[in-house]
Structures are given as C-alpha cells and as structure tokens.
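[1] Coordinates for the following, if possible.
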Amino acid sequence: MAAGFGSGGGMFGWSGGGWGALLWRSGALAVLTVLAFIMLGDAVRDALDPKLR
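    Predicted coordinates:
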C-alpha cells in the first residue's frame, strides 16, 4: 500500500463536523483577528495622535 492511501481515517476528524465546520471556524477566527487588530490600531491612534485632541 502506498503512503497515505487507504488509511481508513479522516485527516480532520478532530474538527467535529467535517470540512464545513473547519472552514467556518477558520473564517470566523480570521475575521475576529482582523477586527481585533483594527480596534487596537484605532485605540493606539486615538491615544497618540496629537491632532485629535
């Protein structure tokens, strides 16, 4: 048997719902990460930009 063929197990069995759940969770994590960086950047700009005062 060649390596990786016929192993009988799914590679993403830990995801709890197959490819749909894996993609949804990954997408949600990416969106939350981007939003967190945007909010952090806005807070730093508000704190340090002297023109806004």
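[2] Give the burial count for D49, as a bare number.
    By the criterion of other CB atoms under 10 Å, D49 has 9 neighbours. For glycine as for every other residue, the C-beta is placed from the backbone atoms N, C-alpha and C.
[3] meant to ask about L22, not that
    14.
[4] ditto for R25
    13.
[5] That one: which element?
    For R25, the enclosing helix or strand under DSSP states H and E is helix 18-48.
[6] Could you name the helices and strands sitting against that helix?
    Here helix 18-48 touches no other helix or strand, going by 3 or more CB pairs under 8 Å, 6 or more residues apart in numbering; DSSP states H and E.
[7] can you give me the mean pLDDT across it?
    Here helix 18-48 scores 91 as its mean pLDDT.
[8] How about that helix, which residues are buried there?
    Under the neighbour-count criterion of 16 or more other CB atoms under 10 Å, helix 18-48 has nothing buried.
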